[in-house]
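Colleague: Can you look at this prediction? I've put the sequence above it.
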Amino acid sequence: MTHVCEVLAVDGGVLVGHDGSPDAREALCWAAGLAGRAGLALQVVRSWAITTAPRPRTWEPGYVPPLSDFEDAVHERLRADVAAAGLDPAVVVHTHVVHGPAAASLIAAAENADLLVVGARGRGGFAGLRLGSVSDQCVHHAPCPVTVVRHGTGRVMAGRE
């Protein structure tokens, strides 16, 4: 079986979580702008579980494809979302997918990152909350500075340093 990534280690740069939501797209664009100005690589991460992954091409009724096929489908969707964001082509972008809970995956990946960027709200939860559970966990537990980008406000909520 092909190895499925469960722990991601990046070597510096701006790390941004992306779950496909409008908040994540705004965080991605903000992070790409900063990475471009600072001359840093942009590390885009999507965490996934089999229940949240898009259906792989190999899926058929009565057949459950291997996890690596689901990982490939998630990576394909992430690359499409990044391409649709229309980022500056001068920014070096690396896309990664991690099989595991979003907050834990981002916090672990942020170990060597220069900055972690997340959206304030993603998929699910209560619309009235200022921060989602993933962004809240990242602000409190990430080993690097965190920036939370709020969708539609043009405002950035500073995280801890």
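Modeller: Nice, thanks for sending it over.

Colleague: how about the helices of the protein, start to end?
Modeller: For the chain, the helices defined by DSSP state H occupy 22-38, 67-84, 102-109, 133-141.

Colleague: Looking at those helices, which one is packed in the most?
Modeller: Of all those, helix 102-109 has the most neighbours on average by mean count of other Cβ atoms under 10 Å, namely a mean of 22. Placement of C-beta: from N, CA and C, glycine included.

Colleague: so what's residue 48 closest to, chain neighbours aside?
Modeller: The shortest distance from residue 48 to any non-neighbouring residue, by Cβ to Cβ, 6 or more residues apart in numbering, is to residue 74 (4.5 Å).

Colleague: what about the one you found, distance to residue 82?
Modeller: Using Cβ to Cβ, to the nearest Å, residue 74 is found at 13 Å from residue 82.

Colleague: can you list the helices of the chain in JSON lines and add mean pLDDT and distance to residue 55?
Modeller: Formatted as JSON lines, these follow (pLDDT from 0 to 100; distance: least, Cβ to Cβ, whole Å):
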{"stretch": "helix 22-38", "mean pLDDT": "95", "distance to residue 55": "21"}
{"stretch": "helix 67-84", "mean pLDDT": "96", "distance to residue 55": "7"}
{"stretch": "helix 102-109", "mean pLDDT": "95", "distance to residue 55": "20"}
{"stretch": "helix 133-141", "mean pLDDT": "92", "distance to residue 55": "24"}
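
Colleague: mind putting these in TSV, distance to residue 12 included?
Modeller: Shown next, in TSV, are those (distance: least, Cβ to Cβ, whole Å):
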stretch	distance to residue 12
helix 22-38	11
helix 67-84	19
helix 102-109	12
helix 133-141	18
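
Colleague: Of all those helices, which one comes closest to residue 58?
Modeller: helix 67-84 (4.9 Å; Cβ to Cβ).

Colleague: From the chain's centroid, how far away is the closest one?
Modeller: Taking Cα atoms, centre = their mean, to the nearest Å, the mean C-alpha location of helix 67-84 is offset from the chain mean by 12 Å.
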